[in-house]
Every structure is written in C-alpha cells, then in structure tokens.
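[1] A structural model of the following input is requested.
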Amino acid sequence: MSGRRALDLDSLVVSDRFRLFNFTRRDDHVAYLWVLRAMDRLRAVHQVQVDSDQVGAALAELAELYDDVPTLDGNLRSRLDALHDDRVVHRFDDASRAGNLVRYRNRQSVYQFSELGYWAYTAVEDLLEARIQDANLSRLVFSDILEDLKALAAANRAGETEQVYRRLSRLDSVMEDMGRRSAQFHVTLGEIVRSTDTSPDLFLRYKNALLTHMTDFMAELDRYLARLARAVHEVEDTGLGTLLARAAEADERPFMPYAERLDEWERRWAALREWFAAEGDSRAGELR
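    Numbering: from 1, shown residues only. Reported below is the predicted structural model:
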C-alpha cells in the first residue's frame with residue numbers, strides 16, 4: 001500500500017542499506033545474531049543505550065533459556081564495534097561510565113540500535129520464523145473491510161477528521177496484510193506444486209487442506225466483491241479530495257511535511273481502489 005517506495009531508491013542508497021545485512025554473511029553470523037537478540041532483550045525493558053557488560057549479562061540470561069547461545073570468548077566488544085561499522089548499531093563514548101583512568105583511556109562505549117539497523121535485525125528474525133504452515137488467505141477479512149469502508153464514508157460525511165484517519169489507517173493495514181498474504185500464498189502454492197515430483201507424500205498431505213481453504217476463500221470473495229466495489233464508490237462520492245486531506249491532516253508523523261503525507265495517502269487510496277474497484281479487472285478479481 002505504500003507505493004513500493006523502495007523502487008525509488010538509487011543504487012547508492014540500496015547498497016548502503018544492504019550493508020546492514022553484512023552480519024548475516026560473516027563466518028560467525030549466528031554469534032552476531034545472538035548479540036543483537038541480547039540488545040533487543042535489553043531494549044524491550046527500555047535499556048536503549050547499553051555497554052558490552054550489559055549485553056554480556058543479557059546473553060548469559062538467554063543462555064539459561066536456550067542451548068544454542070554461543071560463548072563469545074571475550075570478543076563481545078569487537079563484535080559490537082563491527083556492528084557499528086556496518087551501521088546496525090550506533091556507538092557513543094560515555095566517559096561517565098569509566099570508573100578509573102584506565103577504562104577512560106580505553107574508551108568506555110555504549111551501543112544503541114540504529115533505526116535501519118533494527119529494521120534489518122527484525123527482517124532477519126521474520127525470515128527465520130517463516131513457516132509454510134503460516135500461509136493462508138483470510139476469508140474473514142472481507143466483512144471487516146466492508147464495515148470499515150461504510151464507516152469511512154459516514155465519517156467523511158460528518159466531517160469527523162480523526163475518525164476518517166482511524167478508519168483509513170485500519171484499511172491500509174488490512175490491505176497491506178492482504179497483499180502480503182496473497183504473495184506468500186502464491187509462493188507457497190508454487191512450493192507445494194513443485195513437491196509433487198520431489199515428494200508425492202508431502203503433496204498429498206497438503207492437497208485436501210489446500211483445496212478446502214481455497215474453496216472457502218473464493219466463495220467468500222464472490223459474496224463480497226460486488227459490495228466492496230460499491231462501498232469504494234460510496235466513499236469517493238462523499239468527496240475523495242476532502243477525505244484524503246483530512247487523513248493527511250490527522251496523520252501524526254512529525255518528520256513528514258503535509259504535502260508528502262497527502263501524496264502518500266493518495267497513493268494508498270489508489271492501491272485500495274485497485275483491489276476492489278479498478279476500471280477493468282481488480283486485483284481481487286485477478287486473485288480469484
């Protein structure tokens with residue numbers, strides 16, 4: 001729904017962001033992953049800037065829970081510095097933490113996730129958590145979308161700016177999730193079809209569940225598709241320009257100017273419209 005902002009990045013920015021994943025290509029990439037997990041454990045309890053001793057203590061706590069936590073043999077500081085070189089974390093020199101002259105001369109550093117570094121870390125964790133069993137096309141979502149579209153039209157008629165923003169934001173999140181599920185399901189379907197040759201037993205295990213799931217989804221899509229298209233047009237009839245202006249006005253992103261927020265909400269609505277009310281085949285129709 002964001003309009004694929006990544007397509008607008010130039011090659012230098014893309015290369016710079018790929019650098020954030022350098023830790024996944026190191027020989028001891030698993031050790032780096034656990035260091036980041038320790039930092040994330042500290043972040044979860046609001047310890048944002050941490051030194052190597054705190055990270056080491058968090059790793060020890062994780063080692064009590066998980067057998068795979070590696071022993072870093074005193075190289076924790078160098079690993080944190082390597083993550084800093086790759087811009088996954090920021091490093092700050094904190095003289096206040098130096099308890100004596102020797103520690104001061106050796107530079108007592110504290111570390112903090114960079115914004116993009118945290119995105120890179122969570123992307124890796126999301127990949128590691130991915131399972132074929134999670135793939136699904138949610139048939140229950142259509143009734144929620146229809147309800148939100150009707151509430152959005154009512155809010156725009158009544159001039160309720162904050163309610164317009166809430167409903168439009170929820171629709172945006174639902175459509176983002178629907179697009180992700182669709183893409184994931186297509187890929188998983190390809191894997192299952194490929195397994196027909198490599199593992200007939202695996203294909204047969206999934207076949208019946210897959211056919212039932214797809215039949216239920218398509219029946220629900222057929223039941224709602226025309227109503228969703230009408231609901232999209234009803235929202236636009238209340239004044240699309242006014243609706244998007246209200247959404248941009250209530251959007252609380254402080255570092256994005258109003259004109260950019262408005263432009264983004266226009267793109268998001270165009271993507272939603274493409275799903276259900278496009279002038280030809282809608283994306284929902286293509287999915288069917």
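[2] from here on, contacts and neighbour counts on C-alpha atoms
    Noted.
[3] which stretches of this structure form helices?
    Taking DSSP state H as the criterion, the chain carries its helices at 11-18, 29-44, 52-65, 76-85, 101-105, 115-129, 141-158, 161-198, 200-237, 240-250, 258-276, 283-287.
[4] can you redo these as CSV with mean pLDDT, mean neighbour count and distance to D93?
    Shown next, in CSV, are these (pLDDT from 0 to 100; neighbours: other C-alpha atoms under 10 Å; distance: least, C-alpha to C-alpha, whole Å):
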stretch, mean pLDDT, mean neighbour count, distance to D93
helix 11-18, 90, 12, 24
helix 29-44, 94, 19, 17
helix 52-65, 93, 16, 12
helix 76-85, 93, 18, 12
helix 101-105, 48, 11, 10
helix 115-129, 92, 14, 19
helix 141-158, 94, 18, 50
helix 161-198, 81, 17, 40
helix 200-237, 84, 15, 54
helix 240-250, 95, 19, 39
helix 258-276, 92, 18, 36
helix 283-287, 76, 14, 52
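[5] what would those look like in TSV with distance to R91?
    Formatted as TSV, the entries for the helices of the chain read as follows, by distance: least, C-alpha to C-alpha, whole Å:
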stretch	distance to R91
helix 11-18	18
helix 29-44	13
helix 52-65	11
helix 76-85	6
helix 101-105	15
helix 115-129	12
helix 141-158	44
helix 161-198	34
helix 200-237	49
helix 240-250	35
helix 258-276	32
helix 283-287	46
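[6] Spatially central residue in the chain, please.
    For the chain, the residue lying nearest the average C-alpha position, counting by C-alpha atoms, centre = their mean, turns out to be A123 (7.7 Å).
[7] what about the residue lying closest to A63 once chain neighbours are set aside, distance to A247?
    Distance criterion C-alpha to C-alpha, 6 or more residues apart in numbering; nearest residue to A63, sequence neighbours excluded, is V69 at 5.2 Å. Counting by C-alpha to C-alpha, to the nearest Å, the gap between V69 and A247 amounts to 46 Å.
[8] and what of D148?
    Plainly put, D148 is 15 Å away from A247 if you go by C-alpha to C-alpha.
[9] thinking again about what came up before, what is the burial count for the residue nearest to A63?
    Applying other C-alpha atoms under 10 Å, we find 18 other residues in the vicinity of V69.
[10] Now do the same for it: its pLDDT.
    For V69, the model assigns a pLDDT of 92.
[11] surely it meets L62?
    Yes - using C-alpha atoms under 8 Å, V69 is in contact with L62, at 6.9 Å.
[12] I'd like to know how far L59 sits from V110.
    Using C-alpha to C-alpha, which is the criterion applied here, L59 is 16 Å from V110.
[13] got it, and L211?
    Computed as C-alpha to C-alpha, the L211 to V110 distance reads 54 Å.
[14] Also Q47?
    When distances are taken as C-alpha to C-alpha, Q47 and V110 turn out to be 11 Å apart.
[15] Neighbour count: those two, which is higher?
    Taking other C-alpha under 10 Å, Q47 and V110 do not tie; V110 has more neighbours (21 against 13).
[16] Pull the contacting residues for the more buried one.
    Residues counted as contacts of V110 (C-alpha atoms under 8 Å, 6 or more residues apart in numbering) are 49-52, 91-94.
[17] repeat that with 6 Å
    With contacts taken as C-alpha atoms under 6 Å, 6 or more residues apart in numbering, V110 has the following neighbours: 49-51, 91-92.
[18] Which pLDDT value belongs to it?
    At V110, the predicted lDDT confidence score is 92.
[19] R288 now?
    In the predicted model, R288 carries a pLDDT score of 70.
[20] distance of the residue nearest to the centre of the chain from H213?
    For A123, the distance to H213 under the criterion C-alpha to C-alpha works out to 28 Å.
[21] With just CA atoms, put stretch 70-80 into PDB.
    In PDB, the C-alpha atoms belonging to stretch 70-80 read as follows (Å, rounded to 0.1, in the frame of the first residue of the first chain):
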ATOM      1  CA  PRO A  70      27.300 -19.300  21.800                       C
ATOM      2  CA  THR A  71      30.200 -18.500  24.100                       C
ATOM      3  CA  LEU A  72      31.900 -15.300  22.700                       C
ATOM      4  CA  ASP A  73      35.300 -15.800  24.500                       C
ATOM      5  CA  GLY A  74      35.800 -12.100  25.300                       C
ATOM      6  CA  ASN A  75      35.200 -10.900  21.800                       C
ATOM      7  CA  LEU A  76      31.900  -9.100  22.500                       C
ATOM      8  CA  ARG A  77      33.300  -5.600  22.300                       C
ATOM      9  CA  SER A  78      34.800  -6.300  18.800                       C
ATOM     10  CA  ARG A  79      31.500  -7.700  17.600                       C
ATOM     11  CA  LEU A  80      29.600  -4.700  18.800                       C
END
